[in-house]
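1. Turn this into a structure:
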Amino acid sequence: MSEHQVSQASLAKAEEFIEAEEGAANKFKGWMALVLTCLAVGMSVFHLYTAYAIVPTQVLRPVHVGMVLFLCFLMFPIATRFRHRIMWWDWIAAALSVAVVWYLIQGGDDFTDRNTLPNSLDVFFGVCLIVLVLEGMRRTNGWVMPVITLAFMAYALAGPILPAPWTHKGYEMGRLVGVLYMTLEGIYGVAVDVSASLIILFTIFGAFLQYSGAGKFYIDFSFAAMGGKSSSAGRTVVLSSFLLGGPSGSGVATTVTLGAVAYPMLAKVGYERNAAGGLLSAGGLGAIISPPVLGAAAFLIAEFLKISYLDVLLMAVIPTVLFYLALFLMVEIDARKYGMKDSAIEAVDTVWNLARRYWFHFLSLISIVAFMMWGFSPVLSVFWATVVSLITSLLRSDTALIPRELFSGPSSGLGQRLMAMPLMKALEAGSVGMLNVATTCAGAGIIVGVVTLTGLGLKFSTIVIDYAAG
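-> Next comes the predicted model:
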């Protein structure tokens, strides 16, 4: 294996960095691992089904939140010392996640109609859901978002005792629960709608690309394309960041995945440690503004501004081009300023051979935009792009999400081969990879619900002007 080829050890190291940054999930073996895999795969299959079939909003959003919370409490421990174990309180929290959704759905229209006067059972399940969302956010994202969310809830409850201009009439817990739990204006609001209908589909799409070898191909393609000049190492990092970051939408994942492979190359040509880390981080941050995902912000922008998702993508093209062009220029200037050595990049293969063998990975990327230009909705566009990535992966045995030898072995081991095939791993990763985003969207729903209920959104501009002294 060449020095800069993506190795399994490098990829494993990258996964460790991602865990350290984005939350360490439990790792299980045996029957528990099988159960969690089946649950995560089932969640992905359900959302792929909802992309094509019609599922009522009043069902889709609560079921999405319930699935997310159920997996969160089983896959993320309450504290690091409880890692790789599911404690009794985790099972209780997971069961409550299902119970609050079941109670809502079986209540039907009567449940929603009494949101202004909830009964005691409504309040109980509503408070349970709020606590579960806060704990789910804490386990997957840390303390910052839960604390902010609690501050907004405290604002809703303490309105009469607040100084002007923050004061309002105040709302008791029952009224607050009625909005946050019993309507589509709180937890099950716009943010969760985007999470359930778009973000998870793009996460699944990114997982399909990753497990079909697209991520490895993008890195190898960049190594082969950049040559051996003094700026080649830096240019390789920039190009790889663009190709990896666009479909993944994760700056952290892009940075650490590429860093595990490219950092030795940067050090070899003369990059100082902080400079190499800065370049890798800057390249990874481009994922947040790069089409087609924009770090999940594209969907929220389109939903809140009431514009099409395709318009958001088109508007993001110029900032993305300028951002990566600036990185390319920075790399060229640094190479001349600091006298970087020529980079003897030992490419896996030539650009032509790589493109000839794995051209279909580019097809998977452009298919999303192509479907939208043909008039498909964003949801159907990413759904069919995922289907395209599945079908095109079968063109080569080393990229096939469904291995050709799956049904060629003995029937006794078919179940194990099914669970081990890349398609199942991609479906699992699609659900697990968006748990932190989904819990954040649910928490954002609490904040939006409080802002709407208290009227803070209507008078916020006045408050800002007053504090700015007119």
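2. So if we follow the domain assignment, how does this structure break up?
-> Domains of the chain are assigned by automatic domain parsing as 27-193+438-458, 213-400.
3. Kindly reformat the ones you listed as a markdown table containing mean pLDDT.
-> Shown next, in a markdown table, are the domains of the chain (pLDDT from 0 to 100):
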| stretch | mean pLDDT |
| --- | --- |
| domain 27-193+438-458 | 93 |
| domain 213-400 | 81 |
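4. Identify whichever of those lies nearest to residue 207.
-> domain 27-193+438-458 (8.3 Å; Cβ to Cβ). Placement of C-beta: from N, CA and C, glycine included.
5. any idea which element residue 336 lies in?
-> Element membership for residue 336, per DSSP states H and E: helix 309-337.
6. elements contacting that helix?
-> helix 232-248, helix 273-285, helix 297-305, helix 360-373 (3 or more Cβ pairs under 8 Å, 6 or more residues apart in numbering; DSSP states H and E).
7. could you redo those helices as JSON lines and give each row mean neighbour count and distance to residue 95?
-> Listed next are the helices and strands packed on helix 309-337 as JSON lines, based on neighbours: other Cβ atoms under 10 Å; distance: least, Cβ to Cβ, whole Å:
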{"stretch": "helix 232-248", "mean neighbour count": "26", "distance to residue 95": "33"}
{"stretch": "helix 273-285", "mean neighbour count": "18", "distance to residue 95": "38"}
{"stretch": "helix 297-305", "mean neighbour count": "18", "distance to residue 95": "31"}
{"stretch": "helix 360-373", "mean neighbour count": "18", "distance to residue 95": "38"}
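8. Export these as JSON lines, with columns for distance to residue 66.
-> What follows is the helices and strands packed on helix 309-337, written out as JSON lines (distance: least, Cβ to Cβ, whole Å):
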{"stretch": "helix 232-248", "distance to residue 66": "26"}
{"stretch": "helix 273-285", "distance to residue 66": "32"}
{"stretch": "helix 297-305", "distance to residue 66": "21"}
{"stretch": "helix 360-373", "distance to residue 66": "28"}
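9. how about those helices, which one is nearest residue 111?
-> helix 297-305 (25.0 Å).
10. Give me the angle between the helix holding residue 336 and helix 232-248.
-> 170 degrees (axes from the mean of the first three to the mean of the last three Cα atoms, to 10 degrees).
11. got the contact list for the next helix or strand after helix 309-337?
-> The C-terminal neighbour of helix 309-337 among helices and strands, as given by DSSP H and E, is helix 351-358. Contact with helix 351-358 is made by 213, 217, 220, 221, 224, 225, 348, 362, 396, 399, as judged by Cβ atoms under 8 Å, 6 or more residues apart in numbering.
12. Next, the angle helix 360-373 makes with helix 351-358.
-> 70 degrees.
13. List the buried residues in stretch 48-61.
-> Buried residues in stretch 48-61, defined by neighbour count with 16 or more other Cβ atoms under 10 Å: 48, 50, 51, 55, 58, 60, 61.
14. Between the two ends of it, how far is it?
-> From the first residue to the last, stretch 48-61 extends over 14 Å; the measure is Cα to Cα, to the nearest Å.
15. And for it, what's in contact with it?
-> 105, 112, 184, 188, 192-193, 196-197, 201, 204, 379-380, 382-383, 386.
16. Now the buried members of those residues.
-> 184, 188, 192, 193, 196, 197, 201, 204, 379, 382, 383, 386.
17. Buried among the contacts of helix 351-358? Make that a PyMOL selection.
-> For the buried members of those, the matching PyMOL selection, counting by 16+ other Cβ under 10 Å, is:
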select buried, resi 213+217+220+221+224+225+348+399
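18. From the contacts of helix 351-358, which land in strands?
-> Assignment to strands by DSSP state E places none of the contacts of helix 351-358 there.
19. Take the contacts of helix 351-358 and write them to CSV, including distance to residue 304.
-> Output for the contacts of helix 351-358, formatted as CSV (distance: Cβ to Cβ, whole Å):
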residue, distance to residue 304
213, 36
217, 35
220, 39
221, 36
224, 41
225, 38
348, 43
362, 32
396, 41
399, 38
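20. Which single one of the contacts of helix 351-358 is nearest to residue 418?
-> Nearest to residue 418 among the contacts of helix 351-358, with distances taken as Cβ to Cβ, is residue 399, at 18.6 Å.
21. For the closest one, grab phi and psi.
-> Backbone geometry at residue 399, expressed as degrees, to the nearest 10, gives phi -120, psi 0.
22. what helices or strands is the host helix or strand of residue 268 leaning on?
-> Secondary structure from DSSP H and E places residue 268 in helix 251-269. Where contact means 3+ Cβ pairs under 8 Å, 6+ apart, helix 251-269 is packed against helix 8-22, helix 214-225, helix 232-248, helix 273-285.
23. quick one, it and helix 232-248 angle?
-> Going by the same axes, to 10 degrees, helix 251-269 makes 170 degrees with helix 232-248.
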